[in-house]
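S.K.: give me a 3D structure for the following:
(chains A and B)
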Amino acid sequence: MNTAELLNDNFRFEISESSNKYHIKLIGIIDENADLSSLVSCKNKPIVFNFKEVSSVNSCGIRTWVNFMKELNNSSIEFVDCPPTIVRQMNMVPSFLGKANVISVYVPYVCDACEHEHQELTQIKDYKSGTPVAESLKCPNCSSEEMEIDGNVKQYFAFVK
Amino acid sequence: MTLPKPKNILTHSSAVGLFDKKEAAEFIVEGCRHVHSSILGQKDPLVKTTYQSLEETKVFTYSWESTEKKKQLFLRSSSQRKEILNELLSHLEVKPQSSLGDRVGTAFEELLTNSIFHSYLDTNKLEKYPRNQVAHLDSSEHIAIEFCRSNQGVFVSVRDYGQGLKFSSIQSSFKRCYSQRDESQVEKKLGGAGLGMFVIFELATHLKIVTFPGKGTLTNCWFAPASAFDPNHFSFNFFEGDKP
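M.R.: All right, here's what the predicted structure looks like:
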């Protein structure tokens, strides 16, 4: 199965199925107009939500998502490729995450020299096993060694239980 | 870390130290109207500015608020929010998907939403504009937006002409959002999710609110750029003014 649904001008999702799981890719802005109700029918199988292309979430979008997670209640849910905007929601409003298992998040970096921004995909199992998150990287834009994590590692990963 | 106890300066309760936002919110819930978190503590120039002004019992002005380089926009309808946001980021030359653009854009949308829907009440003291309809503001209600950018960050100011935000509303919002880390953080009633001020406080580096009871609210936010962003360097200041 491979479907794409256009919900409104700012938000849509794509559903595919493999390994007996639904893979749902969310695209755009989660706000008061993001209608997730048709996704509730996916709760009969494990669901993997991919957030890579979610650009923003407003306060009404947080409520929409929290209510949606409640409807999925006992389903097996995984979050993958979470950008900083989703990590922020998980840290601010724990029920945004609900009982979902976070698999991977993007960690934001910014170059002190040229202000170039870069995001590095990090596996949560590595973080949990004690692999340190790099505090600094070489800037891919200006090759400076001054590309540092945008924020505080401990605070960024506060959602990890 | 041992937190310094909040101390009273004149009629205003204030706290200075090194906090995270949750700790600062707890001070606010307890009644602090001025909270500064900085590694420099009381030696921070912004803290000095604040305390000097409080001793003179006046609303202080940060340097970024008085710059002549500010630009202005007006919001006349709730349907303009996205358009105004895009215009703001374009003028500021901030990419929407950048760290700064994400923080400014998210907070700005909440500021506008608060201004339209919370500020203006009908004769029954209920929200004048229903959320499920486009709100066309009366000409006396147009929301004024000022903004500017420098190497040190972005300044955004939103001024409405509604009832005036009450300090107790911020306290109850922070109490719900910071002390209840479960589904009750999110309001279930019709209308907003009750997270707007919480989101703004989380994202802004410096947040200053001046309320004019019965005459409106001025909310000023300063956002540090990603390269200078430090989650433990921030401030919150709430004033009651009489003259808009």
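
S.K.: next one: the top helix by length along chain B to chain centre, how far?
M.R.: The single longest helix within chain B, with elements called by DSSP state H, is helix B:99-119. Here the centre of helix B:99-119 is set off from its chain's centre by 9 Å, with CA atoms, centre = their mean, to the nearest Å.

S.K.: which helix or strand lies directly C-terminal to that helix?
M.R.: The first helix or strand that comes after helix B:99-119 along the chain, using DSSP states H and E, is strand B:143-150.

S.K.: mind giving me the packing neighbours of the next helix or strand after that next one?
M.R.: Remark: after strand B:143-150, the chain's next helix or strand is strand B:153-160, criterion DSSP H and E. Contact partners of strand B:153-160 among helices and strands, from 3 or more CB pairs under 8 Å, 6 or more residues apart in numbering or on different chains; DSSP states H and E: helix B:99-119, strand B:143-150, strand B:216-223. Just so you know, the C-beta spots here come from the backbone N, C-alpha and C atoms, and that holds for glycine as well.

S.K.: what lines up beside the second one in the sheet?
M.R.: Think strand B:143-150. With DSSP bridges as the test, strand B:143-150 is paired with strand B:71-75 (antiparallel), strand B:153-160 (antiparallel).

S.K.: for residue A:129, which of those is the nearest?
M.R.: strand B:153-160 (37.0 Å; CB to CB).

S.K.: about what we covered before: mind putting the helices and strands packed on strand B:153-160 into TSV with distance to residue B:176?
M.R.: Below are the helices and strands packed on strand B:153-160 laid out as TSV (distance: least, CB to CB, whole Å):
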stretch	distance to residue B:176
helix B:99-119	15
strand B:143-150	26
strand B:216-223	20
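
S.K.: adding mean neighbour count and mean pLDDT, write the ones you listed out as TSV.
M.R.: Listed next are the helices and strands packed on strand B:153-160 as TSV, based on neighbours: other CB atoms under 10 Å in any protein chain shown; pLDDT from 0 to 100:
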stretch	mean neighbour count	mean pLDDT
helix B:99-119	23	92
strand B:143-150	19	94
strand B:216-223	23	95
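
S.K.: the residue lying closest to residue A:124 once chain neighbours are set aside: neighbour count?
M.R.: Closest residue to residue A:124 apart from its sequence neighbours, by CB to CB, 6 or more residues apart in numbering or on different chains: residue A:102 at 5.1 Å. A total of 23 residues lie near residue A:102 under the criterion other CB atoms under 10 Å in any protein chain shown.

S.K.: before we move on, what about the one 5 residues further on?
M.R.: Per other CB under 10 Å, the neighbour tally for residue A:107 reads 21.

S.K.: which SS state does it fall under?
M.R.: Under DSSP: H, G, I helix; E, B strand; the rest coil, the three-state class of residue A:107 is strand.

S.K.: show me what it is bridged to.
M.R.: Beta-bridge pairing for residue A:107 (DSSP bridges): residue A:120.

S.K.: residues in contact with it?
M.R.: Neighbouring residues of residue A:107 by CB atoms under 8 Å, 6 or more residues apart in numbering or on different chains: A:84, A:119, A:120, A:121, A:122, A:133, A:149, A:156.

S.K.: could you report the pLDDT at it?
M.R.: We have a pLDDT of 96 for residue A:107.

S.K.: again, but for the one 10 residues further on
M.R.: Among the per-residue scores, residue A:117 shows a pLDDT of 94.

S.K.: do the same with residue B:192
M.R.: At residue B:192, the pLDDT value in this model is 79.

S.K.: ok, residue B:243 next?
M.R.: Looking at residue B:243, its pLDDT reads 64.

S.K.: and residue B:130, by the same measure?
M.R.: For residue B:130, pLDDT reads 80.

S.K.: just residue B:7 next, same as before
M.R.: Per-residue pLDDT puts residue B:7 at 49.

S.K.: tell me the helices and strands packed up against the longest helix of chain B.
M.R.: Packing contacts for helix B:99-119, counted by 3+ CB pairs under 8 Å, 6+ apart, involve strand A:47-57, helix A:84-92, strand B:71-75, helix B:81-92, strand B:143-150, strand B:153-160, helix B:196-203, strand B:216-223.

S.K.: looking at those, which is closest to residue B:36?
M.R.: strand B:216-223 (12.8 Å).

S.K.: partner strands of that closest one and their direction?
M.R.: For strand B:216-223, pairing defined by DSSP bridges yields strand B:153-160 (antiparallel), strand B:206-212 (antiparallel).

S.K.: about what we covered before: of the helices and strands packed on helix B:99-119, which is nearest residue A:71?
M.R.: Smallest distance to residue A:71 across these (CB to CB): 11.8 Å, for strand A:47-57.

S.K.: distance from the chain centre to that closest one, please.
M.R.: 5 Å.

S.K.: and that strand, anywhere near chain B?
M.R.: Yes: using CB under 8 Å from any CB of the partner chain, strand A:47-57 reaches chain B at A:55, A:56, A:57.

S.K.: which of those tops the neighbour count?
M.R.: Of all those, residue A:57 has the most neighbours under the rule other CB under 10 Å, reaching 23 neighbours.

S.K.: next SSE downstream of the lowest-mean-pLDDT helix or strand in chain B?
M.R.: Least confident helix or strand of chain B, by mean pLDDT, DSSP states H and E, is strand B:7-9 with a mean of 45. As assigned by DSSP H and E, the chain's next helix or strand after strand B:7-9 is strand B:12-17.

S.K.: and the helices in chain A, which stretches?
M.R.: A:59-71, A:84-92, A:124-128, A:153-156.

S.K.: which ones are touching residue A:73?
M.R.: Neighbouring residues of residue A:73 by CB under 8 Å, 6+ apart: residue A:43.

S.K.: just the pLDDT for it.
M.R.: Confidence score, pLDDT, at residue A:73: 84.
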